[in-house]
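K.L.:
Prediction below, plus the sequence it came from.
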Amino acid sequence: MATTALCLALLPLRQSSAATAVGLHPGPMSRTEAFARAEMLTALGRKIFSDPSLSASGLQACASCHDPSHAFSPASAMPVEMGGEHGDQPGLRAVPTLRYLQSVPAFTEHYYDSEDEGDESVDNGPTGGLTWDGRVDHGADQAKIPLLSPFEMGNKDAAEVVAKLRKAAYADDIKAAFGATVFDNPKDAFDAAAEALATFEQSGPDFYPYSSRYDAFLAGKATLTAQELHGRQLFEDPAKGNCSSCHLSEPANDGEPPQFSDFGFLGLAAPRNMAIPANSDPNYHDLGLCGPQRTDFAGRSEYCGLFRTPTLRNVSLKKSFFHNGYFHSLRDVVSFYATRDSDPGRWYPKNSDGTVRRYDDLPQAYWDNLNQDPPFGRKPGDAPALTDPEIDDIVAFLGTLTDADLQSDATGH
């Protein structure tokens, strides 16, 4: 997808040429004008993204949690980030990457994939949407969440954000893009800032460069080591890692590079993370698609415990994994997949009588929602689907997914 393709797709085009339009709804414009506007909003969005003055504490920008040098993920290994007016309010979930979200479809309960062996009758179930629970579809709506979240940037309402935007050094840039009167209506100004953020987060060089060694390998411009190639084979083998059943590793039919996610929802039963303060309440459970942060599916028991599959691009840079940040080692994540059911005592706490409290972060009423496809579905004591050397090979393959601009971080140089 070209750098501003999404922006262009949202704008009607006309053949004549004129000065770049301004306003929240600028109307039809030529392709040249559309590109110019996208570039203007990208530059503005970059400034907003990096501005800590937009937070209640004055210390937290979007970039504080979505660090550009860490694939727009946190630089820290904390399971959740701190925010709020005084920077002392813990979040509820691990912060996901903002890279490679341009292909996420709008949320639907019933996704029919035209590339699924040519059979469009296969219902893949809940798919798409942004955030761990897919509760918003558009980048502008996603951008508003942290600005108003009490445990993120902590503004009480849109008007408070706009008051800060009005004082920002780039306030004139907002007027140039959206009109001189944009600040007269706080809702308009808030929507304008969100649109600029969304446009920035769709800019190709920053957010979907497709520059990893694996991309070069697919293009015939690089080679993988024997270990990495074996890891790829295991990653794709349905009887071994079976990773590619959700983390798609082959180019799409239209030639688009693989996203390493089908953007579907799965129940994986990551162990309960007691490092998240909310989990000190034994009655609190983050159930993903059925709540509590997403409310429209409350009571839909078949959705409880399901979270959207993240991309694995740049996964070697991550310092915490899963929605609750329980794991801090990529090797442990792959090992968990391989032995969750065959060796649950390795991952879950034990009761006073010595029995394993498996799936301890998901009430038993929802255990039927857990994925049992390979490598899951084994019984305690069974041989795992992957040996330790095979796990190492998969981890080595995942290391090839780091974008070129971030590879020095992956190697520690």
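P.N.:
Nice, I can see it.
K.L.:
drop to CA atoms for contacts and neighbour counts, all remaining ones
P.N.:
Noted.
K.L.:
Now tell me what touches stretch 229-241 from outside.
P.N.:
Here stretch 229-241 makes contact (C-alpha atoms under 8 Å, 6 or more residues apart in numbering) with 242-245, 249, 338, 374-375, 385-386, 390-397.
K.L.:
Name the surrounding residues that touch stretch 85-93.
P.N.:
Counting by C-alpha under 8 Å, 6+ apart, residues outside stretch 85-93 touching it are 55-57, 79-83, 150-155, 276-278, 323-325.
K.L.:
Show me just the buried residues among those residues.
P.N.:
55-57, 79-83, 150-155, 276, 278, 323-325 (16 or more other C-alpha atoms under 10 Å).
K.L.:
Take those and keep only those in strands.
P.N.:
82-83 (DSSP state E).
K.L.:
quick one: the residue in the chain sticking out farthest from the centre and Ser280, what's the gap?
P.N.:
Here the chain reaches farthest from its C-alpha mean at Asp353, the gap being 39.3 Å by C-alpha atoms, centre = their mean. Distance, Asp353 to Ser280, using C-alpha to C-alpha, to the nearest Å: 22 Å.
K.L.:
Likewise for Asp382?
P.N.:
Distance of Asp382 to Ser280, computed by C-alpha to C-alpha: 33 Å.
K.L.:
Span of stretch 368-384 from start to end?
P.N.:
21 Å.
K.L.:
And stretch 154-161, by the same measure?
P.N.:
Terminal residues of stretch 154-161 lie 10 Å apart, using C-alpha to C-alpha.
K.L.:
pLDDT (mean, whole number) over that stretch?
P.N.:
Averaging pLDDT along stretch 154-161 gives 98.
K.L.:
Could I get the buried residue list for it?
P.N.:
Taking 16+ other C-alpha under 10 Å as the criterion, stretch 154-161 shows 154-155, 158-161 as buried.
K.L.:
What is the nearest of those residues to Leu406?
P.N.:
Gly154 (30.2 Å; C-alpha to C-alpha).
K.L.:
surely the closest one meets Met82?
P.N.:
No: counting by C-alpha atoms under 8 Å, Gly154 does not reach Met82; the two are 10.8 Å apart.
K.L.:
Can you show me the helices along the stretch 301-413 of the chain?
P.N.:
With DSSP state H, counting those that start in this stretch as the criterion, the stretch 301-413 of the chain has helices at 330-339, 388-398, 407-411.
K.L.:
and after the longest helix seen in the chain, which helix or strand comes next?
P.N.:
Identified as the longest helix of the chain according to DSSP state H is helix 31-49. Remark: after helix 31-49, the chain's next helix or strand is helix 62-65, criterion DSSP states H and E.
K.L.:
Packing partners of that following helix?
P.N.:
Counting contacts by 3 or more C-alpha pairs under 8 Å, 6 or more residues apart in numbering; DSSP states H and E, helix 62-65 is packed against no other helix or strand.
K.L.:
what does it rub up against?
P.N.:
Outside helix 62-65, the residues that reach it (C-alpha under 8 Å, 6+ apart) are 49-52, 72-75, 81, 95, 146.
K.L.:
Which two of those residues have the greatest separation?
P.N.:
Among the contacts of helix 62-65, Asp51 and Val95 lie farthest apart (C-alpha to C-alpha), at 18.3 Å.
K.L.:
Neighbour count for those two, which is higher?
P.N.:
Val95 (24 against 20; other C-alpha atoms under 10 Å).
K.L.:
Below-threshold pLDDT in the chain: ranges please.
P.N.:
Scanning the chain for pLDDT under 70 picks out 1-21, 114-120, 409-413.
K.L.:
where do the strands sit along it?
P.N.:
So, for the chain - with DSSP E - the strands run 82-83, 89-90, 265-266, 307-308.
K.L.:
Ala38 is nearest to which of those?
P.N.:
Of the strands of the chain, nearest to Ala38 by C-alpha to C-alpha is strand 307-308, at 28.8 Å.
K.L.:
Can you spell out which helices and strands pack onto that closest one?
P.N.:
strand 265-266.
K.L.:
wouldn't Asn371 be in contact with Ala270 here?
P.N.:
No: under the criterion of C-alpha under 8 Å, Asn371 makes no contact with Ala270, lying 11.6 Å away.
K.L.:
And these two? Which one has more around it.
P.N.:
Ala270 (25 against 16).
K.L.:
Show me the protein divided up by domain.
P.N.:
5-207, 213-411 (automatic domain parsing).
K.L.:
Run a quick neighbour tally on Gln293.
P.N.:
Neighbours of Gln293 (other C-alpha under 10 Å): 15.
K.L.:
any idea how far Ser301 is from it?
P.N.:
15 Å.
K.L.:
Please apply the same query to Ile48.
P.N.:
Taking C-alpha to C-alpha, one finds Ile48 at 39 Å from Ser301.
K.L.:
And those two? Which one has more around it.
P.N.:
The residue with more neighbours, out of Ile48 and Ser301, is Ile48; 23 against 15, by other C-alpha under 10 Å.
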